[in-house]
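>>> from the sequence below, what's the structure:
(4 chains)
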Protein chains: 4
Amino acid sequence: MAYYALPKRKNNSGTKHLFRAWPGTKRKERHMIIVFKPHTPEEKVNEISGIITKLGYEPRVIRGVENTVIGAVGDEQMHRSLELLKSFSFIEDVIPIQKRYKLASREYHPGDSFAMIGEQKLGAGTFQMIAGPCAVESLEQVMRTAKDVSSAGARILRGGAYKPRTSPYDFQGLGDEGVEILKQVKKETGMPVVTEVVGVTHIEKVAEVADCFQIGARNCQNYHLLERIAPVGKPVLLKRGPASTIEEWLSSAEYLLVNGCPNVILCERGIRTFETATRNTLDLGAVAVAKRESHLPVVVDPSHAAGKADLVLPLARAAVACGADGLIVETHPNPVEACSDASQQIPSAKFKEFMDAITPIVELMGKIPKPHFDFEKK
Amino acid sequence: MAYYALPKRKNNSGTKHLFRAWPGTKRKERHMIIVFKPHTPEEKVNEISGIITKLGYEPRVIRGVENTVIGAVGDEQMHRSLELLKSFSFIEDVIPIQKRYKLASREYHPGDSFAMIGEQKLGAGTFQMIAGPCAVESLEQVMRTAKDVSSAGARILRGGAYKPRTSPYDFQGLGDEGVEILKQVKKETGMPVVTEVVGVTHIEKVAEVADCFQIGARNCQNYHLLERIAPVGKPVLLKRGPASTIEEWLSSAEYLLVNGCPNVILCERGIRTFETATRNTLDLGAVAVAKRESHLPVVVDPSHAAGKADLVLPLARAAVACGADGLIVETHPNPVEACSDASQQIPSAKFKEFMDAITPIVELMGKIPKPHFDFEKK
Amino acid sequence: MAYYALPKRKNNSGTKHLFRAWPGTKRKERHMIIVFKPHTPEEKVNEISGIITKLGYEPRVIRGVENTVIGAVGDEQMHRSLELLKSFSFIEDVIPIQKRYKLASREYHPGDSFAMIGEQKLGAGTFQMIAGPCAVESLEQVMRTAKDVSSAGARILRGGAYKPRTSPYDFQGLGDEGVEILKQVKKETGMPVVTEVVGVTHIEKVAEVADCFQIGARNCQNYHLLERIAPVGKPVLLKRGPASTIEEWLSSAEYLLVNGCPNVILCERGIRTFETATRNTLDLGAVAVAKRESHLPVVVDPSHAAGKADLVLPLARAAVACGADGLIVETHPNPVEACSDASQQIPSAKFKEFMDAITPIVELMGKIPKPHFDFEKK
Amino acid sequence: MAYYALPKRKNNSGTKHLFRAWPGTKRKERHMIIVFKPHTPEEKVNEISGIITKLGYEPRVIRGVENTVIGAVGDEQMHRSLELLKSFSFIEDVIPIQKRYKLASREYHPGDSFAMIGEQKLGAGTFQMIAGPCAVESLEQVMRTAKDVSSAGARILRGGAYKPRTSPYDFQGLGDEGVEILKQVKKETGMPVVTEVVGVTHIEKVAEVADCFQIGARNCQNYHLLERIAPVGKPVLLKRGPASTIEEWLSSAEYLLVNGCPNVILCERGIRTFETATRNTLDLGAVAVAKRESHLPVVVDPSHAAGKADLVLPLARAAVACGADGLIVETHPNPVEACSDASQQIPSAKFKEFMDAITPIVELMGKIPKPHFDFEKK
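Numbering: from 1, shown residues only, chains lettered A, B, ... in the order given. You can find the predicted model right below:
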């Protein structure tokens, strides 16, 4: 395949080697700034300078009248972080000045990368609408939705067979039965499928139908799962955690890439803040920053950010205008009957209207909307 | 004037009357839900029921097998909030189910209201770009900016003579001298001016030049200032506080309206969250909610949200696509020389390019961009 | 055993049954408040009333002059949440008035429950200091620490064999080798062990040594892991997620209890906020609320909250004074050489000093500190 | 007086001088770290180096294989912040490595400073309980409270004559009449008074009775008010803003000190986070950091943090154990009749019980509780 892909490698989790190296990439250089408290005496500075050297870094002392800082340049093979220097009482701060990810960065891959979800390209100029119900509830429900959203122009189907829910008393998804339903709908409509994996024991089953795995927000920093899903070799749509910084989100993407995932699609879905009028606070600044810092495609989930159907459209439009490469939207033939997240699902019969309100902005942003898809032929 | 305006009334702050009534509006009804802990005995429920009646509310008891709640309907002339019931150990929660604002709500005024800033209409279908430097630094700087942004299509000038700064050692603005500079630029270019008031003792001076007062984010809940600036009778652009909920922001707007401010323009500029990659987290969900709940025009400040010039454009586009009625953007003839917020100001020479990237989305949203303005004639 | 324990039941995750019932507990009643927008017409209220009845709830309409609310009483066997009503445009809000957990609540078990970690009682009057290194690095390191903290009066050892780290390039723990080290130290010192499980594939291995499993903050809402670790039948120390509300944290405890975990120990370790001077923001209000709402013991991790060794003591004291049933503290024979979190670990040689500064507050709070433990005999 | 006091100086707000210097203090040195994107070419580094020199800083270039940083040392008389360099596309970040406050720092004044509120010492070893109602409602209410808390051992009275309230329809305080009530109670009981100022026009009136001004949380960054209240020459109790970082809070203290306030008392009262079970999230880590970074006394307001009376005691104890120099607690003769914040006020008849639960921890922390006060003599 011509698109951006990393060579697969074996998952090395559970290893007893202290540090991993990514074969074929250069060692990762590390810069740290060590800030001393004002008027720290010369001998203390020298003491720290010595420790820095012993730990394998090269210290460069910068002295002012009141303040001293040391810039340290090192190599990430060194296993001790200089952050330990914070434990000295005369050290004010230790500031790492480097990103904790590499393969996900634009420095590593300057152009835009893209993912193939089935035969659908996402990113690098092609916009994708991923639509479907929050949870798979029945064959009829998913089939109706798939036909509605497909005829409206969406090319990729979403729908969860396994649902992570806050309370153990809430509906948890149909499980394996849901996977079978997705298979039938995929077979009949030809739409590729994005569906969530909530735990490692489901990977194999979900892989039977998924063209792209989804990692949910609460699993964004579940590294155990990331390390095990990556080597399967399918694209992964990685939702940002509700309390994950952009750097942590990209570091989670790095876990996927370094463990062999061919393509990661970043998905912003709102972060947790003090505001309760919306379910989450959609952080479109993060979309802009992620597009600048990383080559990975970025999609937005306006449904979980909004939590209420009438707020989905304004947030969806905003996301596209901000540069998103796609949207993932919840839709249902009859939201009032939905088993979960009923209030935020768009009626699938109105999905065409929704698409029509989005498409002109997609075009304005210079992206290809509604890519060719021969629904009838399938 | 035909536009939405409230009758002016005298500022009654400092009053010794316990409660205010807004003349000409009906009394504000209040609903509260009192939730008892599971298995609270009958007599405790009756005791609370009695207190509720005594406080002038009408209690309606709803009993389940395990749980009991009371819905209480009252009148806001009653000065005791039922929230005091929280202090009983067998009360689980007391939930107010009503907004704390009225004049700012769509229920009070179903259509969109608009503001006139000088001769420029903002809101109710007309989009305005408000542009100018963060701080007024010199006549040349403001004049150059005004000419650049005006010829690019912006109709309203921004610029602060008084600047609230986190450190007392930072540049605090030119003060009264800045007001004089704004007067000269206004006279020469004919552009109406939006400028900040940071304290009551500056109101009179700033009123000499301001066509619209700006209340900064840190003063969003400075009710003392809101009560005193409202009766001046000019529109007020009210920035949302970095930790203000949408309801608190609208309650601050209510302070302005109830004290005689003719028009309030809400301004979303980002809230404070755990994310540090952007200066603030722009909350476009709040724009959508504010447009739904309130008739007031909503503008967005992408500059303070972004904190970095290259993120301003994507956020500005997103804001427009989300339904904003205008933008307020920082621009400077030479950002590298700016006294404050240098990193987020757009070079005024490039402002036309910026406008051109925004205008198609404004048009797509069905709003009138770049309203007529005869710069040459002035 | 005399202490609070739930009957074990088989993990039923992956089930295709839509809803679970907890055998032997009564059905869970559910109250919802449906709030209409002001001046909603009578027929709309009746329409909703009908839907509520159809969904199996009993509606009680409360009418005011402007506003109407419906209180709905139902039964959780009903699988549709009334939250779906939010999708009607004339509905202002749907407010659930019940907790989403039951077995974790004081209503279910009014007294304090406690856990046995090995032969050590934690909770219900007995205070425990759990101490040890962040990560297991070598036999010498863990043995030295165990001896130091044990002789200072700590009775339970902590230490991670598997470490979840933000970057894939950071030290990930010794894995299985770390488990073997913990086994040797446990054998020699007799101290029971609390150690983290990061994924389901490690449960069996970790169970070889753990007297109590630890679920880390980032896995607090990893329900897949919670469901699988619970049936093993060991106590679980459940860290609060950095963005988990108290209710979500207790709901995660409910996942453990409902799936057969005999004892859950809640652990507050700081939440993520805008403040960066500390690593996290320790939320002692959550300790007070958790103690009030739940019978479960609550311990506090001041090390992760502080992020810096000199802040650990004041936060530890505060936690005890707030009512915590124990502390879990990171300590290391030589913090400067630690592989992870070096800056927040207390030198184990100084651990006695640390304990001595805590113990008087433990006694003041009426709890038994340093319970009997015959280190020499082991 | 022997205690720490700064010389008074005239308020110079409204100045047209660009930068202030604090007479008698040395110039404030400034260090900045400029981080380049990986692989930035040599000539770009040189270009920035030149700009840094031109702006009056001394650049020290630190080169690695991939990355380059510049450490710049300068002088704060230089009016341009190097943060403007962020606007260059090849600059990754510009990191200031210095605090923005000086007079408030321990470097400036290594020992603990204290404040005299009337004849009561607060800080530097003496613990003070400041107690009283949220709002002044009547002479009887304040007198009753004063007598109750005084006989329980509290030495300083609190109570607001002017109340900042979120809604304009809520009780705003008795205003000037409230000041008169406080005067009478002060005269009769001899207790010194802490009371809030919400705006500059009230300073003179409030000064008639206040022994210590209170600046409320929402005015923490109202620099206009801080600059005008400081020169009055009374101590100021400065509440932390709900979204203020510790550094911003200390910078607000700096505004007070630099403008002539003799003593600032920092007051932590909870920050705004996603958690809604408590009214605010009490940040005791901030107390520990403030005590470390600053010489100023720190008190804690557990009432506003808790929002519910039964949570006040555990948070109060925690605050004392964390090192607070005092508490400010809301109490009322009959909370159910309180005009504001009813649910969080402790009945004054039970205040002795509350004090008795706190005092042993105060003593344990080595502080003098209930300092001598001859209530009978007054």
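
>>> identify the residues contacting A:Pro133.
A:141-142, A:145, A:158-160, A:330-332, A:338, A:345 (CB atoms under 8 Å, 6 or more residues apart in numbering or on different chains). Heads up, the C-betas are built off the backbone N, CA and C, glycines and all.

>>> got the domain ranges for chain A?
A:29-96, A:115-364 (automatic domain parsing).

>>> what's the most buried one of those domains?
domain A:115-364 (a mean of 23; mean count of other CB atoms under 10 Å in any protein chain shown).

>>> off-centre distance for it?
10 Å (CA atoms, centre = their mean, to the nearest Å).

>>> pLDDT on it, on average?
For domain A:115-364, mean pLDDT is 95.

>>> between the two ends of that domain, what distance do you get?
22 Å (CA to CA, to the nearest Å).

>>> tell me the pLDDT at A:Pro96?
Per the predicted model, pLDDT is 81 at A:Pro96.

>>> that one: what's it in contact with?
By CB under 8 Å, 6+ apart, the neighbours of A:Pro96 are A:30-32, A:81, A:83.

>>> restrict these to contacts with chain D.
A:His31 (CB under 8 Å from any CB of the partner chain).

>>> count of neighbours near the closest residue to chain B within the stretch 51-200 of chain A?
Here the residue of the stretch 51-200 of chain A nearest chain B is A:Lys99; by CB to the nearest CB that distance is 10.9 Å. Counted with other CB atoms under 10 Å in any protein chain shown, residues neighbouring A:Lys99 total 19.

>>> tell me which element A:Val194 is part of?
Using DSSP states H and E, A:Val194 maps to strand A:193-196.

>>> okay, and which of the contacts of A:Pro133 map to strands?
Counting by DSSP state E, the members of these that fall within strands are A:158, A:330-332.

>>> distance check, A:Val69 against A:Pro96.
According to CB to CB, to the nearest Å, A:Val69 stands 14 Å off from A:Pro96.

>>> show me whatever sits in contact with both of these two.
In contact with both A:Val69 and A:Pro96: no residue, using CB under 8 Å, 6+ apart.

>>> of all the domains of chain A, which lies closest to C:Lys367?
domain A:29-96 (30.0 Å; CB to CB).

>>> what sits closest to A:Lys121 if chain neighbours are left out?
Excluding its sequence neighbours, the residue lying closest to A:Lys121 (CB to CB, 6 or more residues apart in numbering or on different chains) is A:Phe114, at 5.5 Å.

>>> the one you found: neighbour count?
22.

>>> same thing with A:Ile368?
13.

>>> and B:Ala316, which of the domains of chain A is closest to it?
Closest among these, using CB to CB: domain A:115-364, at 8.9 Å.

>>> can you pull the phi/psi pair for the closest residue to chain B within the stretch 101-250 of chain A?
Residue of the stretch 101-250 of chain A nearest chain B, by CB to the nearest CB: A:Ile246 (4.7 Å). Dihedral angles phi and psi of A:Ile246 (degrees, to the nearest 10) take the values phi -60, psi -40.

>>> ok, it - contacts?
A:240, A:286, A:289-290, A:293, B:275, B:277.

>>> how near is it to chain C?
12 Å (CB to the nearest CB, to the nearest Å).

>>> and A:Ala288, by the same measure?
For A:Ala288 relative to chain C (CB to the nearest CB), the value is 20 Å.

>>> how about A:Val179?
Noted for A:Val179: a distance of 11 Å to chain C, by CB to the nearest CB.

>>> and the residue lying closest to that residue once chain neighbours are set aside, what does it touch?
Leaving aside its sequence neighbours, A:Val179 sits nearest to A:Ala161 (CB to CB, 6+ apart; 4.8 Å). For A:Ala161, the contact set (CB under 8 Å, 6+ apart) comprises A:135-136, A:173-179, A:181-182, A:195-196, A:206.
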